[in-house]
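Enquirer: kindly return the folded structure for what I paste below:
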Amino acid sequence: MSETNKPRIELPVLCRFLRCKSAYGSNVDDTAWQQGTATSEAYWCLATMEAFGPDDNYVHATVCQGARSCCRIDE
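Expert: Presented below is the predicted three-dimensional model:
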């Protein structure tokens, strides 16, 4: 499929402190890391520098979104 024919995927708005390794490089299969679909991805929080956030819950692209109490989104 050419670049112009690819369907546009709406990416979730994630916490600005969420990080993962694939966010810093290119994906082979062209899947955006923000979707949280990679089964072997490791996520961490910049606020705690751990795999859990300030609220003591695990971090992941599917949960580090607006409804979480510690979530910070760039305005």
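Enquirer: so residue 69 touches residue 56, yeah?
Expert: No - Residue 69 is not in contact with residue 56 according to CB atoms under 8 Å; the separation is 10.7 Å. Where C-beta positions appear, they are placed from N, C-alpha and C, glycine not excepted.
Enquirer: mind giving me the packing neighbours of the helix or strand of the chain with the lowest mean pLDDT?
Expert: None of the helices or strands of the chain scores lower by mean pLDDT, DSSP states H and E than strand 18-20, at a mean of 91. Contacts defined by 3 or more CB pairs under 8 Å, 6 or more residues apart in numbering; DSSP states H and E place strand 18-20 against strand 43-45.
Enquirer: bridging residues for the residue nearest to residue 60 when sequence neighbours are not counted?
Expert: Excluding the flanking residues, the one nearest residue 60 by CB to CB, 6 or more residues apart in numbering is residue 43, at 5.4 Å. Listed by DSSP bridges, the beta-bridge partners for residue 43 are residue 20.
Enquirer: distance-wise, check residue 43 relative to residue 8.
Expert: Counting by CB to CB, to the nearest Å, the gap from residue 43 to residue 8 is 24 Å.
Enquirer: give me the more crowded residue out of those two.
Expert: With neighbours defined as other CB atoms under 10 Å, residue 43 and residue 8 compare such that residue 43 has more, 24 against 5.
Enquirer: wouldn't that one be in contact with residue 63 here?
Expert: No - under the criterion of CB under 8 Å, residue 43 makes no contact with residue 63, lying 9.5 Å away.
Enquirer: before we move on, back to that, residues in contact with the residue nearest to residue 60?
Expert: Each residue near residue 43 by CB atoms under 8 Å, 6 or more residues apart in numbering is listed here: 18, 19, 20, 51, 59, 60, 61, 64.
Enquirer: kindly recompute the last result at 6 Å.
Expert: The contact partners of residue 43, by CB atoms under 6 Å, 6 or more residues apart in numbering, come to 20, 59, 60.
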